[in-house]
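S.K.: Got a sequence here, can you model it:
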Amino acid sequence: MQVTQTNTDGLKREFKIVISAQQVQSQVNDRLRELGDQVKLPGFRPGKVPLALLKQRYEQSVRGEVLERAVHDSQHKLLDEHKIRPAGQPKIDNVKFEDGSDLEFSVELEVIPEITPIDFKTVSLEKVTIEVPESAVTESLERIAKRQRQSAPIEGDRAAANGDVVVIDFVGRVDGVEFQGGKAEGQYLELGSGMFIPGFEDQLVGAKKGDKKLVKVTFPEDYGNAELAGKAAEFDVTVNEIREMKDVPVDDELAKSLGLDDLDALKKSAREQIEKEYGSVARARTKRKLLDVLADKHEFALPEGLVEAEFAAIWQQIEQDMKADRLDEEDKGKSEETLKAEYRDIAKRRVKLGLLLSEVGRINNIQVPNEDLSRAVMAEARRYPGQEKQVIEYFQKTPEALNQLRAPIYEEKVVDFILDLAKLNERKVSPEDFAKEEEAAAKA
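M.R.: Numbering: from 1, shown residues only. Here you go, the predicted structure:
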């Protein structure tokens with residue numbers, strides 16, 4: 001293999017690779033012999049088929065396979081021998097080959113820039129701890145108790161009110177025709193819960209047991225079923241029963257129903273959960289401030305290909321938001337040229353920080369343990385009840401998908417590594433003060 005560097009421009013590199021015709025033919029012959037040990041031809045035992053006959057039948061297809069593998073292997077050999085760290089997938093171009101001639105092609109790529117991380121011990125950041133007030137624990141226990149409530153038939157003959165549960169039969173029609181999924185019997189529906197189409201529950205407030213109601217609604221424009229989205233519908237509803245929710249006291253019995261020893265254990269569990277949630281939010285602020293410092297303190301050339309790919313992904317989402325009228329208020333009214341300039345800067349920042357964190361991880365041999373990755377896979381699988389096995393198998397068979405799960409875990413480990421070295425000035429704040437500070441920062 002003959003390698004000639006033909007271009008060096010910033011982070012861009014271009015090489016011309018030549019593989020001799022003799023080497024190509026040798027690899028073709030080797031592959032034909034391997035094939036000869038496997039194929040069965042009339043009159044010949046496996047492994048005894050003459051090379052000339054194999055060439056006659058299979059050389060053309062084998063040569064294509066050999067050329068593809070030669071290009072692939074040569075590219076990897078080039079990267080290894082020249083100790084090149086590519087920024088993205090190298091581009092293969094100008095492939096030339098004719099029978100009896102050398103194989104020639106070019107490899108174009110961008111390299112990872114030289115990055116020298118700062119001394120992270122010089123970084124000083126504020127680390128906020130959000131204090132958990134007793135009121136937050138009390139509210140959490142009340143929410144837990146509310147989720148454990150059960151309904152019971154009402155006493156007397158009063159009408160249904162918001163908060164009650166009605167047991168109904170219904171049949172829905174659009175333009176007088178029943179539609180799939182629009183019919184049910186014995187359906188429990190809590191009035192005011194917002195579980196049904198907007199306006200449906202409101203029209204059952206005041207109903208009594210045995211009432212028959214014609215409920216008229218319009219499906220939302222963004223309804224999940226495109227065939228029903230935006231259409232008017234009528235439902236014939238029969239109210240079979242009215243039930244009221246019975247409050248569950250916050251006591252030892254509630255704790256035991258949740259598998260805990262007593263109320264103190266439930267309080268402790270609730271506090272720990274809130275502390276975990278607050279800790280996650282506070283850490284996100286510390287991480288944002290750290291990334292701001294890292295972006296300001298490091299300057300190096302950025303691979304244009306990575307920036308363009310990142311910008312393209314961002315801009316695709318922005319275009320979708322434009323069509324759906326979901327743009328942030330601050331972006332509305334800006335020209336497309338202005339928006340592109342701003343989001344290109346965001347793309348550059350993301351690429352810079354991604355390369356920096358990756359380099360810090362490489363230098364310090366930071367790894368993602370298999371158990372962390374397994375937990376991430378299981379968490380993803382739990383998002384699809386009943387399909388857990390298929391999700392796990394998908395990640396086992398799809399390295400690209402597994403890498404997408406690994407990337408954020410790796411980033412968090414690198415961030416933790418840097419924060420362990422940085423000087424952190426701790427400050428305690430109330431949840432209210434933290435929220436005010438975040439709001440002020442967002443407006444700044």
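S.K.: any idea how far Leu291 is from Lys348?
M.R.: According to C-beta to C-beta, to the nearest Å, Lys348 stands 14 Å off from Leu291. The way it works is simple: take the backbone N, C-alpha and C, and place the C-beta from them, glycine included.
S.K.: next one: Glu81
M.R.: Distance from Glu81 to Leu291, counting by C-beta to C-beta: 36 Å.
S.K.: between these two, who's got more neighbours?
M.R.: Leu291 (18 against 10; other C-beta atoms under 10 Å).
S.K.: Mind jotting down where the strands sit in this protein?
M.R.: 2-9, 12-19, 91-96, 103-110, 124-130, 150-153, 165-174, 177-190, 212-218, 232-246, 423-429 (DSSP state E).
S.K.: I'd say Val107 and Lys77 touch.
M.R.: No. Counting by C-beta atoms under 8 Å, Val107 does not reach Lys77; the two are 10.8 Å apart.
S.K.: Which residue of those two possesses the greater neighbour count?
M.R.: Taking other C-beta under 10 Å, Val107 and Lys77 do not tie; Val107 has more neighbours (24 against 13).
S.K.: which residues does that one contact?
M.R.: Glu14, Phe15, Ile17, Gln75, Leu78, Pro90, Lys91, Ile92, Asp93 (C-beta atoms under 8 Å, 6 or more residues apart in numbering).
S.K.: Quickly list what it is bridged to.
M.R.: Phe15, Ile92 (DSSP bridges).
S.K.: Tell me the pLDDT of it.
M.R.: Here the pLDDT value assigned to Val107 is 93.
S.K.: what do you get for Gly386?
M.R.: 88.
S.K.: quick one, phi/psi of it?
M.R.: phi 90, psi -10 (degrees, to the nearest 10).
S.K.: One more: Arg326?
M.R.: With angles defined as degrees, to the nearest 10, Arg326 sits at phi -110, psi 10.
S.K.: one step back: could I get the strands of the chain as TSV with distance to Ile409?
M.R.: Listed next are those as TSV, based on distance: least, C-beta to C-beta, whole Å:
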stretch	distance to Ile409
strand 2-9	36
strand 12-19	31
strand 91-96	30
strand 103-110	26
strand 124-130	22
strand 150-153	40
strand 165-174	43
strand 177-190	39
strand 212-218	45
strand 232-246	41
strand 423-429	22
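S.K.: Relative to Phe196, which of those is closest?
M.R.: The closest of the strands of the chain to Phe196 is strand 177-190. By C-beta to C-beta, the value is 6.3 Å.
S.K.: and that closest one, how far out from the chain's middle?
M.R.: Between the centre of strand 177-190 and the centre of its chain there are 34 Å (C-alpha atoms, centre = their mean, to the nearest Å).
S.K.: who's in contact with that strand?
M.R.: The contact list for strand 177-190 (C-beta under 8 Å, 6+ apart) reads 151, 163-174, 195-196, 201, 204, 225, 227-228, 233, 235, 240, 243, 245.
S.K.: Ser151 is in contact with Val165, isn't it?
M.R.: Yes. Counting by C-beta under 8 Å, Ser151 touches Val165, with 4.4 Å between them.
S.K.: Next, show the common contact partners of the two.
M.R.: Tyr188, Arg243, Glu244, Met245.
S.K.: Could you point out which of these is nearest to Asp37?
M.R.: The closest of those to Asp37 turns out to be Tyr188 (C-beta to C-beta; 68.5 Å).
S.K.: residues near the closest one, how many?
M.R.: By other C-beta under 10 Å, 13 other residues sit near Tyr188.
S.K.: Ok, Thr6 next?
M.R.: With other C-beta under 10 Å as criterion, Thr6 counts 11.
S.K.: Quick one: neighbours of the residue nearest to Leu306 when sequence neighbours are not counted, just the number.
M.R.: Of all residues beyond its chain neighbours, the one nearest Leu306 is Val351 (4.8 Å), with distances taken as C-beta to C-beta, 6 or more residues apart in numbering. Val351 has 21 neighbouring residues, counting by other C-beta under 10 Å.
S.K.: I figured Val351 was touching Leu302, is that so?
M.R.: Yes. Judged on C-beta under 8 Å, Val351 makes contact with Leu302 at a distance of 5.4 Å.
S.K.: Domain-wise, how is this structure divided?
M.R.: The chain breaks down into these domains under automatic domain parsing: 2-110, 150-246, 272-443.
S.K.: Check the gap between Ala233 and Lys246 for me.
M.R.: 33 Å.
S.K.: Tell me which of these two has more neighbours.
M.R.: Neighbours were counted for Ala233 and for Lys246 using other C-beta under 10 Å; Ala233 has more, 18 against 9.
S.K.: circling back to that earlier point, from the shared contacts of Ser151 and Val165, list the buried ones, please.
M.R.: Neighbour-count burial (16 or more other C-beta atoms under 10 Å) is assigned, among those, to Arg243, Glu244.
S.K.: on that earlier part again, who has more neighbours, Ser151 and Val165?
M.R.: Taking other C-beta under 10 Å, Ser151 and Val165 do not tie; Val165 has more neighbours (22 against 17).
S.K.: beta partners for the more buried one?
M.R.: Under the criterion used (DSSP bridges), Val165 bridges to Glu190, Arg243.
S.K.: Please apply the same query to Val239.
M.R.: Beta bridges link Val239 to Ile168, judged by DSSP bridges.
S.K.: contacting residues for it?
M.R.: Contact analysis of Val239 by C-beta under 8 Å, 6+ apart lists Ala160, Val166, Val167, Ile168, Leu204, Ala207, Lys208, Lys209, Gly210, Asp211, Lys212, Lys213.
S.K.: my guess is the last one contacts Asp202, does it?
M.R.: Spelled out, it's Lys213. No. Between Lys213 and Asp202 there is no contact under C-beta under 8 Å: 11.4 Å.
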